[in-house]
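A.B. asks: What follows is a predicted protein model with its sequence.
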Amino acid sequence: MHGQSCSRPLQASCARKAAPARFWAALWLVMLAPASAYAAGGAFVVDDAEIAKPGECKVESWIALASNHDLQAITQPSCVVQLGIPMEVTGSFARVRSDDVWQTQVGPKIKINILPVETGKIGIGLVDQPAWDGATGQYLYNMLFVPLTFQLNDNFRINLNVGWQSDGVNRVDDVYWGGGFEWNFVKPVTLIGEAFGLAGPTVDPIGVTEPRAQLGLRVTPKDNFDIDLIYGRNVGGENANWFTLGLNVRF
């Protein structure tokens, strides 16, 4: 899930000793690289319940441009570490432009798997993702939600999300909801679609509480990286059209 505004993420979302070193190495490389350089993961908002094995790392990066000229450039390096239980630890770095106002958002993301994702069964996870303003240190938001994954077969799965979002700027809490599918209809291409939104005492314009949606193609030419091409509508709560290019690398 990636941060998408100046106040809230849905507004205009190791067992081996080498893993910590690999995480910080990945983090350093990403900080040196341009921001334009997200399973659904990557630039998709609706998350699945799955995490990788301890010691495995990835970097998910994307750039998204809206028809109203809003922009997101986001990168998220992460590794799965063994801290009592396997835990996916992510550093999120976002540069966003909303209504010609620029902001840098930073924060961690912690994800655990409670029930494994298996064919014919329900996988369950838990995700917590807070964020702060990188320039002022102001607390922006926190998202705590449960991802559910229904693996129908090797080529098709459904993801559902439900949780809570705290807005640190406007001092309101909302229910976060989302649902999506992943269909690997032909190798190496996966069709991914999702709808998501907020429900609650939001103080923002009407677009923020209206449903948002994205549909995209994920091309996986090799097992260790994906290219995402995505079209979205009202992704940041501003009733604009979004076009996203993403790159996900695993190692």
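C.D. replies: Okay, I see it. Here the structure is a predicted model, which means the values were calculated and not measured.
A.B. asks: Show me where the stretch 1-150 of the chain has its strands.
C.D. replies: Using DSSP state E, counting those that start in this stretch, the strands found in the stretch 1-150 of the chain span residues 57-66, 71-83, 85-98, 101-115, 122-133, 139-153.
A.B. asks: helices and strands around the fifth one, which ones?
C.D. replies: Using 3 or more C-beta pairs under 8 Å, 6 or more residues apart in numbering; DSSP states H and E as the contact definition, the elements that strand 122-133 packs against are strand 85-98, strand 101-115, strand 139-153. Where C-beta positions appear, they are placed from N, C-alpha and C, glycine not excepted.
A.B. asks: that older thread, and of the strands of the stretch 1-150 of the chain, who's closest to Gly246?
C.D. replies: Across those, Gly246 has its closest neighbour in strand 57-66 (3.4 Å, C-beta to C-beta).
A.B. asks: relative to strand 71-83, how tilted is the closest one?
C.D. replies: Strand 57-66 and strand 71-83 are oriented at 160 degrees to each other (axes from the mean of the first three to the mean of the last three C-alpha atoms, to 10 degrees).
A.B. asks: Tell me what angle strand 57-66 forms with strand 85-98.
C.D. replies: 20 degrees.
A.B. asks: Just give me how far strand 57-66 sits from the chain centre.
C.D. replies: 9 Å (C-alpha atoms, centre = their mean, to the nearest Å).
A.B. asks: got it, and stretch 146-166?
C.D. replies: 13 Å.
A.B. asks: cool, stretch 79-99 as well?
C.D. replies: 9 Å.
A.B. asks: Next, the buried residues of that stretch.
C.D. replies: Neighbour-count burial for stretch 79-99 flags 79-81, 86-98 (criterion: 16 or more other C-beta atoms under 10 Å).
A.B. asks: And stretch 174-188, by the same measure?
C.D. replies: Buried-residue list, stretch 174-188, by 16+ other C-beta under 10 Å: Asp174, Tyr176, Trp177, Gly178, Gly180, Phe181, Glu182, Asn184.
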